[in-house]
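Visitor: Build me a model:
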Amino acid sequence: MFMALVAAPVTVAAAFAVLLVSAGNLIIVLGAVALWGIGISATVVIYQQAILITGRRAPETATSIGVVLAQAGFAAGATVGGVALDNFGIASVPLVALLLRRRAINALRRGV
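Guide: Numbering: from 1, shown residues only. Predicted structure coming up:
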């Protein structure tokens, strides 16, 4: 399970890295977006499974907490992305996403 929890965000990070260096090449951008979609799709399923395994005694409560945390993550990501976009331009968004993914992966490794 741990490898899956790490592999999905790493896939998304790889997509962001490719976007960062794509230089606007449409084929590369489309490939990176496809890779991003695969990683995000896998992340949702894997995290849902982890939540249900962790909260198996109260699956409804665990799922509810997972939804709240996901929504908080969406709000935080939109805020950080918007600030990066406003202050540094569109090219900064993949870089900021990579930095945040790296921090998340490090937190998973530490067991936080």
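
Visitor: and Tyr47, what does it touch?
Guide: Leu5, Gly66, Ala70 (C-beta atoms under 8 Å, 6 or more residues apart in numbering). Heads up, the C-betas are built off the backbone N, CA and C, glycines and all.

Visitor: On the C-terminal side of the regular element (helix or strand) spanning the first one, identify the next helix or strand.
Guide: Secondary structure assignment for Leu5, by DSSP states H and E: helix 2-21. The helix or strand immediately downstream of helix 2-21 is helix 26-54, counting by DSSP H and E.

Visitor: Remind me what the helix or strand following that following helix packs against, helices and strands.
Guide: Using DSSP H and E, the next helix or strand after helix 26-54 towards the C-terminus is helix 59-88. If you count contacts as 3 or more C-beta pairs under 8 Å, 6 or more residues apart in numbering; DSSP states H and E, helix 59-88 packs onto helix 26-54, helix 92-110.

Visitor: so what does the last one touch, helix or strand wise?
Guide: For helix 92-110, the packing partners by 3+ C-beta pairs under 8 Å, 6+ apart come out as helix 2-21, helix 59-88.

Visitor: circling back: what would the helix holding Leu5 look like as PDB? C-alpha coordinates only.
Guide: What follows is helix 2-21 as a C-alpha-only set of coordinates in PDB (Å, rounded to 0.1, in the frame of the first residue of the first chain):
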ATOM      1  CA  PHE A   2       2.800   2.400   0.800                       C
ATOM      2  CA  MET A   3       4.300   2.100  -2.600                       C
ATOM      3  CA  ALA A   4       1.000   2.900  -4.200                       C
ATOM      4  CA  LEU A   5       0.600   5.900  -1.900                       C
ATOM      5  CA  VAL A   6       3.900   7.200  -3.200                       C
ATOM      6  CA  ALA A   7       3.700   6.100  -6.800                       C
ATOM      7  CA  ALA A   8       0.500   8.000  -7.600                       C
ATOM      8  CA  PRO A   9       1.800  11.400  -6.500                       C
ATOM      9  CA  VAL A  10       5.100  10.700  -8.100                       C
ATOM     10  CA  THR A  11       3.300  10.100 -11.400                       C
ATOM     11  CA  VAL A  12       1.600  13.500 -11.000                       C
ATOM     12  CA  ALA A  13       4.900  15.100 -10.100                       C
ATOM     13  CA  ALA A  14       6.500  13.600 -13.200                       C
ATOM     14  CA  ALA A  15       3.700  15.100 -15.300                       C
ATOM     15  CA  PHE A  16       4.300  18.500 -13.700                       C
ATOM     16  CA  ALA A  17       8.000  18.200 -14.400                       C
ATOM     17  CA  VAL A  18       7.300  17.400 -18.000                       C
ATOM     18  CA  LEU A  19       5.000  20.400 -18.300                       C
ATOM     19  CA  LEU A  20       7.600  22.600 -16.700                       C
ATOM     20  CA  VAL A  21      10.100  21.800 -19.500                       C
END
